[in-house]
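Asks: let me see the structure of the following:
(one chain, ligands or ions: 2)
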Amino acid sequence: MIKVSIIGATGYTGSELLRYLIPHPEVELVHLTSRSHVDTKVDSYYPFLKGSIDKQFSELKPETVFGESDAVFICLPHGHSMELAAAASAYDVKVIDLGADFRLKNIDVYEATYNVEQAAPNLLKDFVYGLPEKYRDDIKNAKYIANPGCFVTSALLGMLPAVNNALVDEQSIIIDSKTGVSGAGRSASVDKLLTELMGSFKAYNPLAHRHIPEIEQELNSASENAVQVQFTPHLIPAERGIFSTIYATVKDGITEADIIESYTRAYEHEPFVHVLRPGELPQMKHVAGTNSCQLAVQLDERTGRLIVLSIIDNLGKGAAGQAVQNMNIMFGLPEKSGLNTIAMMP
Ligand SMILES: NC(=O)C1=CN([C@@H]2O[C@H](COP(=O)(O)OP(=O)(O)OC[C@H]3O[C@@H](n4cnc5c(N)ncnc54)[C@H](OP(=O)(O)O)[C@@H]3O)[C@@H](O)[C@H]2O)C=CC1
Ligand SMILES: CC(=O)N[C@@H](CCC(=O)OP(=O)(O)O)C(=O)O
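Replies: Numbers count the residues shown, from 1 in each chain. Ligands and ions are numbered 1, 2, ... in the order given. Okay, the predicted model is just below:
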């Protein structure tokens, strides 16, 4: 059994990790840390876990958590993982960070984007960007994983085959994303409460969202030409889910058959990415509570634009599900272990 701990287990990604890890056949949960609920029974804090877990939240003591675990998930707000990763380096433990501290390889870009100093620059090279569809071989041997951002995952899975195969003008990509409010975490501000959003819908951070450099970093490393994206996120009155509609102008001579062939080839062996059949359209609900991504791919012959509809659950493939997928790859387990959930309908 793999001894697993979660730092910041009282948040939304922490609870989603528990949902995947409690039934995981190869996992034994060891430490579940919290600042505000030390000694509270986990199933008192999370009544949906009654009968599933008999543990208490504990204080974060790095030497105990890293010293007694094989794998540790860090689920803290941005800026807190650098010091922890440095502490972990003294132990034989694998770390999967769900935050953004090690996603951006360029330190200046990271510091400008997050307005915080990169306090562990020497560890950056050891962090593998945790998108299995792009970095599976590196993930197998990694000690540290920087789990991708949620919008970024939906954008990259939607655009990587097009960029990899030079199907689209790399400067023409427009990503229009909608997200449920759980993306903002459990202690979100008033403007992200469902009561404020119900019956409404709004855009935020249109020109400066912190995921823009992350999307561009990963698309640029897949492309011979410079990639620049336009990205606008929107909040919708839903608990979870991301729906990205992505537009890009196709290059001269590229046909819909070329596009379908590239997407099919890219994902035919991927356990969690599903390219829909012609005419099928995705709905956020169809991936809720799962680690799946569904893609609808079409060429608009009239405008010459590729349109990709990409859906994930922000807490699933956008966070905890992808983190468990990365753990499975790092420990040589079947990639779907613990991740065989099916979306709830209706
Ligand atoms: N929500 C999402 O959809 C996604 C989130 N992420 C990233 O994952 C990480 C966790 O997100 P999420 O679970 O949503 O966040 P939450 O706000 O829901 O939870 C964060 C947890 O961290 C603990 N915490 C909060 N502030 C501090 C602090 N200053 N020092 C130490 N611990 C603190 C809190 O627990 P306590 O007070 O008990 O200690 C809290 O439960 C973030 O970096 C986020 O950006 C990534 C992808 C998707
Ligand atoms: C609704 C909402 O606020 N969403 C978050 C993204 C959440 C996420 O998953 O991104 P990180 O992993 O980078 O935190 C935002 O727009 O900043």
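Asks: alpha carbons only for contacts and neighbour counts from here, please
Replies: Fine.
Asks: briefly note if stretch 4-18 comes near ligand 1.
Replies: Yes - residues of stretch 4-18 are located near ligand 1 by Cα under 6 Å from any ligand atom, namely 8-14.
Asks: what's the closest of those to ligand 2?
Replies: For the residues of stretch 4-18 next to ligand 1, the minimum distance to ligand 2 (Cα to the nearest ligand atom) is 9.2 Å, reached by residue 13.
Asks: and stretch 1-17, which residues are buried?
Replies: 3-17 (16 or more other Cα atoms under 10 Å).
Asks: please apply the same query to stretch 257-268.
Replies: For stretch 257-268, burial by neighbour count (16+ other Cα under 10 Å) applies to 259-260, 262-263, 266-267.
Asks: which of the residues you listed sit farthest apart?
Replies: Farthest apart among the buried residues of stretch 257-268 by Cα to Cα are 259 and 267. That separation is 12.6 Å.
Asks: contact partners of the least confident helix or strand in the chain by mean pLDDT?
Replies: Ranking every helix and strand in the chain by mean pLDDT, DSSP states H and E puts helix 194-197 at the bottom, with a mean of 90. Helix 194-197 is contacted by residues 181, 190-191, 235-239 when judged by Cα atoms under 8 Å, 6 or more residues apart in numbering.
Asks: mind running it again at 6 Å?
Replies: With contacts defined as Cα atoms under 6 Å, 6 or more residues apart in numbering, helix 194-197 is touched by residue 237.
Asks: what pairs with the helix or strand that it is followed by, and is each one parallel or antiparallel?
Replies: Sequence order places strand 202-203 as the next helix or strand after helix 194-197, per DSSP states H and E. Take DSSP bridges as the rule and strand 202-203 pairs in its sheet with strand 229-235 (antiparallel).
Asks: does the strand it pairs with reach ligand 1?
Replies: No - judged by Cα under 6 Å from any ligand atom, strand 229-235 and ligand 1 are separated, with a smallest distance of 12.3 Å.
Asks: gap between that strand and the chain center?
Replies: 16 Å (Cα atoms, centre = their mean, to the nearest Å).
Asks: restricting to C-alpha, output it in PDB.
Replies: This file holds the C-alpha atoms of strand 229-235, laid out as PDB (Å, rounded to 0.1, in the frame of the first residue of the first chain):
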ATOM      1  CA  VAL A 229      -3.700  33.200 -26.700                       C
ATOM      2  CA  GLN A 230      -6.600  35.400 -25.900                       C
ATOM      3  CA  PHE A 231      -8.300  34.000 -22.700                       C
ATOM      4  CA  THR A 232     -11.400  35.200 -20.900                       C
ATOM      5  CA  PRO A 233     -12.900  33.200 -18.000                       C
ATOM      6  CA  HIS A 234     -16.500  33.500 -16.900                       C
ATOM      7  CA  LEU A 235     -18.300  32.500 -13.700                       C
END
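Asks: I'd say residue 97 and residue 76 touch.
Replies: No - if you go by Cα atoms under 6 Å, residue 97 and residue 76 don't touch, sitting 8.5 Å apart.
Asks: ok, now how distant is the residue nearest to residue 53 when sequence neighbours are not counted from residue 134?
Replies: Nearest non-adjacent residue to residue 53, counting by Cα to Cα, 6 or more residues apart in numbering: residue 43, 6.7 Å away. Residue 43 sits 37 Å away from residue 134, taking Cα to Cα, to the nearest Å as the criterion.
Asks: and for residue 294?
Replies: Distance of residue 294 to residue 134, given as Cα to Cα: 17 Å.
Asks: residue 230 too?
Replies: For residue 230 relative to residue 134 (Cα to Cα), the value is 22 Å.
Asks: please apply the same query to residue 45.
Replies: Residue 45 is 37 Å from residue 134, by Cα to Cα.
Asks: what does residue 245 give?
Replies: Going from residue 245 to residue 134 by Cα to Cα gives 21 Å.
Asks: now do residue 208
Replies: 25 Å.
Asks: quick one, which of the two is more surrounded?
Replies: Counted by other Cα atoms under 10 Å, residue 208 and residue 134 do not tie: residue 134 has more neighbours, with 16 against 13.
Asks: secondary structure element holding the more buried one?
Replies: Going by DSSP H and E, residue 134 is in helix 132-140.
Asks: how about low-confidence regions in the chain?
Replies: Within the chain, not a single segment meets pLDDT under 70.
Asks: ranges for the helices of it?
Replies: Under the criterion DSSP state H, helices of the chain are mapped to 12-21, 42-45, 62-67, 81-88, 107-114, 132-140, 150-164, 194-197, 212-220, 256-267, 321-330.
Asks: can I get the ones you listed in JSON lines including distance to residue 170?
Replies: Below are the helices of the chain laid out as JSON lines (distance: least, Cα to Cα, whole Å):
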{"stretch": "helix 12-21", "distance to residue 170": "33"}
{"stretch": "helix 42-45", "distance to residue 170": "47"}
{"stretch": "helix 62-67", "distance to residue 170": "42"}
{"stretch": "helix 81-88", "distance to residue 170": "33"}
{"stretch": "helix 107-114", "distance to residue 170": "21"}
{"stretch": "helix 132-140", "distance to residue 170": "18"}
{"stretch": "helix 150-164", "distance to residue 170": "7"}
{"stretch": "helix 194-197", "distance to residue 170": "34"}
{"stretch": "helix 212-220", "distance to residue 170": "9"}
{"stretch": "helix 256-267", "distance to residue 170": "15"}
{"stretch": "helix 321-330", "distance to residue 170": "27"}
